[in-house]
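> Quick one, structure for this:
(one chain, ligands or ions: 2)
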Amino acid sequence: MRKLNVKTINESQTRLLGENIGSLLMPGTGVLLEGELGAGKTTIISGICGSLRVEEEVKSPTFVLAWVYRGICPIYHIDLYRLHQYEDLENIGWEEIAEESNIYLVEWADKFPLPYTENSIRIIMTLGNEPNERYITIEFDETLHPHWERALMTYVDIGN
Ligand code: ADP
Ligand code: MG
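Ligands and ions are numbered 1, 2, ... in the order given. Got it, this is the predicted structure:
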């Protein structure tokens, strides 16, 4: 796994990082986001969706578990926060969502182990010391995506 660390100091930087990440995503890939409420998961997703040519408003799927947006392909925005048991993943049709023809963006992705996500980028967001600071770790399999690191380098400091 390759691991990159970045710090953002405001919302628009986080959105811009999302735009960078979004430009790497192909159908059959996705983003798994972890981080507490207010960490910036939906913000980064809105940047990602901008790059994927989504024109609808992007917001957390609070009352439903999943939104689907129209972009370069069907883009699924999923929030596992209110998912109570692993079996519910079947109810939202996770297996179909994770198929080759879609892109998936999952908030609270650490709540349950998600199958079929080897291709994904994992993003872990934590609050910094200042109110608008966020520490963001980006992880992916560099053997599956050898060009992602270079593409992200313009934006990201290399961590360990
Ligand atoms: P989550 O989906 O993780 O609950 P949101 O993206 O909905 O988080 O909200 C993040 C909140 O934090 C927004 O109100 C945003 O304005 C604020 N914020 C402040 N600084 C940042 C930053 N550096 N990156 C992202 N959001 C930030
Ligand atoms: Mg959210």
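
> for this structure, which spans come out with low pLDDT?
By pLDDT under 70, the low-scoring segments of the chain are 155-160.

> Find the residue at the geometric middle of it.
Central residue check for the chain by C-alpha atoms, centre = their mean: the C-alpha nearest the mean position is that of V31, 3.3 Å away.

> part of a helix, is that residue?
No. Secondary structure assignment places V31 outside any helix; it is strand (DSSP: H, G, I helix; E, B strand; the rest coil).

> For it, give me its contacts.
The contact partners of V31, taken as C-beta atoms under 8 Å, 6 or more residues apart in numbering, are I21, L25, I44, I45, I48, Y104, L105, V106, S120, I121, R122, I123. (Glycine included, C-beta is placed from N, CA and C.)

> In helices, which of those appear?
The helices in this structure, assigned by DSSP state H, contain I21, I44, I45, I48 from these.

> Taking those residues, tell me the two that lie furthest apart.
I21 and I45 (9.6 Å; C-beta to C-beta).

> between the two, who's got more neighbours?
I45 (28 against 25; other C-beta atoms under 10 Å).

> I figured the more buried one hits A109, correct?
No. The pair formed by I45 and A109 falls short of the contact definition of C-beta atoms under 8 Å, at 11.5 Å.

> what sits in contact with each of the two?
With contacts taken as C-beta under 8 Å, 6+ apart, the residues that reach both I45 and A109 are L33.

> So which bits of this structure are right by ligand 1?
8-11, 13-14, 35, 37-43, 60, 107, 132, 134 (C-beta under 6 Å from any ligand atom).

> P131: neighbour count?
What P131 shows, counting by other C-beta under 10 Å, is a neighbour count of 6.

> Quick check: it vs L33, distance?
In this structure, P131 and L33 are separated by 20 Å, where distance is defined by C-beta to C-beta, to the nearest Å.
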